[in-house]
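# my questions concern the predicted model and sequence given below.
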Amino acid sequence: MAFLTDLWLPILLSAVFVFIASSISHMVLPFHKKDYRKMNNEDAVLEAMRASGVTPGTYTFPCAGSMKKMGTPEMVEKMKKGPLGLLTVMPPGGFNMGKNLAGWFVYLLIVGVLVAYVGWHTLTAGADYLTVFRITGAAALLGYAVGVMNDSIWKGQRWSTTAKFMVDGFVYALLTAGTFGWLWPEAAA
């Protein structure tokens, strides 16, 4: 755990820098403006969901309920007819932006700690900037950009949306790598 003592500053600062960059990317720039679309006839769909008692959770549709039922003629027909999808339903009462931003910052700190851990066990004290940048950047890229591909592979998210989140992750990794490279000689000395 000595790495936390020596690398607390780049962990914290990289989280702050990425938090600011992500805020700019999502709230100021038009980059993510069309990531999510409004459903046609939204009011009727929402009323139907309320009437059927949909509760918070993640749903797949059509849903066979078991692997055995996936191959039944009825299920095959439903799958052909469509639509197919995943639906995440959140609790009513409004989106809690403060809670989500706090969770995001904790996530950034966790990535920073893992980047520090990889760097600490891979690099030597006083390693040069570019070497620190490459190693910590690769670790940060895994934390910020690679995992988002799962949303397109398994959840049907458009690849164009995933690509934008990967670009964000690449920028976040550069910021993290730059912060660790800048503060490494002092932090690891």
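Received, thanks.
# show me this structure divided up by domain.
2-33+95-187, 42-89 (automatic domain parsing).
# grab the longest helix from this protein for me.
Counting by DSSP state H, the longest helix found in the chain is helix 159-187.
# and the domains of the chain as TSV, adding mean pLDDT and mean neighbour count?
Any C-beta I mention is one placed from the backbone N, CA and C, and that applies to glycine too. Formatted as TSV, those follow (pLDDT from 0 to 100; neighbours: other CB atoms under 10 Å):
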stretch	mean pLDDT	mean neighbour count
domain 2-33+95-187	93	17
domain 42-89	91	10
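# residue 6 reaches residue 120, doesn't it?
Yes. With contact defined as CB atoms under 8 Å, residue 6 reaches residue 120; the gap is 7.5 Å.
# in the protein, which residue is closest to the centre?
Central residue of the chain (CA atoms, centre = their mean): residue 148, 5.7 Å from the mean position.
# could you find the closest non-adjacent residue to that one?
Distance criterion CB to CB, 6 or more residues apart in numbering; nearest residue to residue 148, sequence neighbours excluded, is residue 165 at 4.4 Å.
# show me the contacts for that neighbour.
For residue 165, the contact set (CB atoms under 8 Å, 6 or more residues apart in numbering) comprises 145, 148, 151.
# for the chain, what spans make up the strands?
For the chain, applying DSSP state E gives strands covering 57-61, 85-89.
# show me how far the first one is from its chain's centre.
Which is strand 57-61. Centroid displacement of strand 57-61 relative to its chain, using CA atoms, centre = their mean, to the nearest Å, is 19 Å.
# do the last one as well
Strand 85-89 has its C-alpha centroid displaced from the chain centroid by 17 Å (CA atoms, centre = their mean).
# what strands line up against it, and which way round?
Looking at strand 85-89 with DSSP bridges, its partner strands are strand 57-61 (antiparallel).
# circling back to that earlier point, how about the strands of the chain in TSV, adding distance to residue 67?
Below are the strands of the chain laid out as TSV (distance: least, CB to CB, whole Å):
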stretch	distance to residue 67
strand 57-61	13
strand 85-89	17
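# can you tell me the closest non-neighbouring residue to residue 157?
Counting by CB to CB, 6+ apart, the residue nearest residue 157 is residue 151, at 4.1 Å.
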